[in-house]
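In: what follows is a predicted protein model with its sequence.
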Amino acid sequence: MFGWFAPTCPVDLISKVWVERRLSWLIERFGSDRILNAPRVLPTHEFFPEPYNGTPEELPGLFTRVCNFMGADPRRFHLERFSESEIPDAQGLYHKAEQASPTISIKEDILPDQESVIAVMAHEIAHDLLLGSKLLNGDEEDHEQLTDLLPVALGMGTFHCNTTIKQKSGIEGAMSYWQISKSGYLTASLCGYAMGVIEYLRHAKSAPSVKYLGLDAAEAMRSGYRYLLKTGDCLIDQDHPARIDPPQVEPIDPGIHGFASRCLYVLQLWNNGESLSPAQIAAAQICLTRKESAIQCTALMVLTQSQPISEPVVEQILEKLLSSDPTVREYAALVIPHLNLPANHITKVGDPLVEILLNVLKDPSTRVAVAAAQALGSFGLEAILAVPRILSLLVAATAKLSPDAELLVGSLNSIVGDLRQYLNENPEVIGSGHRELISDYLRARPS
């Protein structure tokens, strides 16, 4: 009665919203019958009755079965093999040229592992179902994650979970390549949760069987199903799974009432660069008071879309620079340039904004410090006192070959004009060894 045994979602809030939103997207495009009535394919004799010894001759029959499970025509594809020496660091390939049948290639080295072969085949077939049918163009930010999710939605999730896929992928011309190893875009837990959502949408009367699943996926599938059954906290309308429930709305008080996932989903809809209505601004302000960092960070981005930004909103955003959550501090610093404030703007605590940011620049979190450096860069020469600290961050980033180095160089150039010239004219600001390291980095940068 004290809530000690209240159900909890097994995945983080951002992942939960993504899985449910994209599952609904897949159901809308592939049909609820195809996804919700798809059999859950297992590594058993029932689904794969033919003996498998990992020989090349067995691949066509196995490929035909996987195609049939996923609703793809196996006659549409050319099936090939390749070796490690031919294409290093790839396990499967999908290639579709104009006016030609798509080719799916499997690395010979993985042939002895039937589950891995099935997982690779399912992923490459998913590429064709999404890219070949032009549902995706390959430039989507979550393209690979969605390509992982489709086999899960079509009943092949057990194989993804059990091979704990990690992918390195890209598109070169008409070829999509994919490398798998030990973990992935969609972890076993995330796939397990997606499988739990599907069971919930099927109106399953009991917890799904977790036989044949690894521990992480099994726990996420079963606990996710129980969480949704007890709370109803699912973005997808259980009776109309091809749409989000509720559709786009303006929640006046999402910070006080309603599930966190719905609140985050609506904020993500609003985070599109368009100005907000007064009701949306009020709702986003309330979202800044919620405990979930993902909601606060998204609300920070949303609130900077409408210009001019009112003073109460500005002060509420600036207060987040002092948040106990480093991710919230980071996002608060990142949105500072959008507030169009002068460096000497006096904050609620009585200090000029530039001094607040100089303190944030010392944050123990590198991500927060780099975000503060970016914010200080927007003040130009007025942030000159920040240069030594930003230089020390740049030294560390350069030594680690971190992409933060480019952001820090940009901030320094905004403050001093030309960093290379500044270092030549002010050699005392940094030790000679570090100055040489930065100079080498600046020389190696593309012009």
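Out: Cool, the structure landed.

In: now stretch 397-405 - C-alpha only, CSV.
Out: Extracted C-alpha coordinates of stretch 397-405, given in CSV (Å, rounded to 0.1, in the frame of the first residue of the first chain):
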residue,chain,number,x,y,z
ALA,A,397,40.0,16.9,-26.0
THR,A,398,42.8,17.0,-28.5
ALA,A,399,44.8,14.4,-26.6
LYS,A,400,41.8,12.1,-26.5
LEU,A,401,40.9,12.8,-30.2
SER,A,402,37.5,13.8,-28.9
PRO,A,403,35.0,15.5,-31.2
ASP,A,404,34.6,18.1,-28.5
ALA,A,405,37.9,19.6,-29.8
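
In: for the spatially most central residue of the chain, what are its contacts?
Out: In the chain, the centroid-proximal residue (C-alpha atoms, centre = their mean) is D142; its distance is 6.6 Å. Residues near D142 by C-beta atoms under 8 Å, 6 or more residues apart in numbering: 18, 22. Yep, even glycine has a C-beta here, placed from its N, CA and C like the rest.

In: from R290, how far out is it?
Out: Look at D142 and R290: by C-beta to C-beta, to the nearest Å, they are 24 Å apart.

In: buried residues in the host helix or strand of L26?
Out: Assigned by DSSP states H and E, L26 belongs to helix 13-30. Of all the residues in helix 13-30, those buried under the rule 16 or more other C-beta atoms under 10 Å are 13-27, 30.

In: let's see the following helix or strand past that helix as CSV, backbone CA atoms only.
Out: Next in sequence after helix 13-30, counting helices and strands by DSSP H and E, comes helix 32-36. The C-alpha trace of helix 32-36 is given here as CSV (Å, rounded to 0.1, in the frame of the first residue of the first chain):
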residue,chain,number,x,y,z
SER,A,32,-1.7,-4.4,-37.5
ASP,A,33,-2.6,-7.9,-38.7
ARG,A,34,0.9,-8.5,-40.1
ILE,A,35,2.6,-7.4,-37.0
LEU,A,36,0.3,-8.3,-34.1
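
In: hmm, who's touching helix 32-36?
Out: The contact list for helix 32-36 (C-beta under 8 Å, 6+ apart) reads 23, 26-27, 71, 153-154, 198, 201-202, 241-242.

In: could you do stretch 110-123 as well?
Out: The contact list for stretch 110-123 (C-beta under 8 Å, 6+ apart) reads 43, 48, 52, 54-56, 59, 62-63, 66, 70, 81, 91-92, 104, 106-107, 147-148, 151, 154, 156, 159-160, 162-163, 165, 167, 178, 180.

In: from these, which ones fall inside helices?
Out: Members of these lying in helices (criterion: DSSP state H): 59, 62-63, 66, 70, 147-148, 151, 159-160, 162-163.

In: and the contacts of stretch 110-123, which are buried?
Out: Buried among the contacts of stretch 110-123 (16+ other C-beta under 10 Å): 48, 59, 62-63, 66, 70, 91-92, 104, 106-107, 147-148, 151, 154, 156, 159-160, 162-163, 165, 167, 178, 180.

In: am I right that E330 is in contact with A369?
Out: No. Using C-beta atoms under 8 Å, E330 is not in contact with A369, being 9.0 Å away.

In: P102 against H95, yeah?
Out: Yes. Between P102 and H95 a contact is recorded at 6.6 Å, counting by C-beta under 8 Å.

In: how many residues are close by D113?
Out: Neighbour count for D113, taken as other C-beta atoms under 10 Å: 13.

In: against V360, how distant is it?
Out: Computed with C-beta to C-beta, the distance linking D113 and V360 is 49 Å.

In: mean confidence for stretch 422-440?
Out: Across stretch 422-440, pLDDT averages out at 89.

In: in that stretch, which residues are buried?
Out: Applying 16+ other C-beta under 10 Å to stretch 422-440 flags 422-423, 430, 434-435, 437-438 as buried.

In: convert it to CSV, retaining C-alpha atoms only.
Out: Listed next in CSV are the C-alpha coordinates belonging to stretch 422-440 (Å, rounded to 0.1, in the frame of the first residue of the first chain):
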residue,chain,number,x,y,z
TYR,A,422,46.1,34.5,-30.5
LEU,A,423,48.4,31.7,-29.3
ASN,A,424,51.3,33.2,-31.3
GLU,A,425,50.7,36.7,-29.7
ASN,A,426,50.0,35.4,-26.2
PRO,A,427,52.3,32.5,-25.6
GLU,A,428,52.0,32.8,-21.8
VAL,A,429,48.4,31.6,-21.7
ILE,A,430,49.4,28.0,-22.1
GLY,A,431,52.5,25.8,-21.7
SER,A,432,54.7,25.3,-24.7
GLY,A,433,54.0,21.5,-24.9
HIS,A,434,50.3,22.1,-24.9
ARG,A,435,50.6,25.0,-27.3
GLU,A,436,52.4,22.7,-29.7
LEU,A,437,49.7,20.0,-29.3
ILE,A,438,47.0,22.5,-30.1
SER,A,439,49.0,24.0,-33.0
ASP,A,440,49.4,20.6,-34.5
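
In: chain center to it: distance?
Out: Chain-centre distance of stretch 422-440: 37 Å, with C-alpha atoms, centre = their mean, to the nearest Å.

In: quick one: contacts of it?
Out: Outside stretch 422-440, the residues within contact range by C-beta under 8 Å, 6+ apart are 387-388, 391-392, 394-395, 398-399, 412, 416, 419-420.

In: rewinding a little: any idea of the mean pLDDT in the helix holding L26?
Out: On average, the pLDDT along helix 13-30 is 96.

In: correct me if wrong: L361 contacts V387.
Out: No. Counting by C-beta under 8 Å, L361 sits too far from V387 to count as a contact (10.5 Å).
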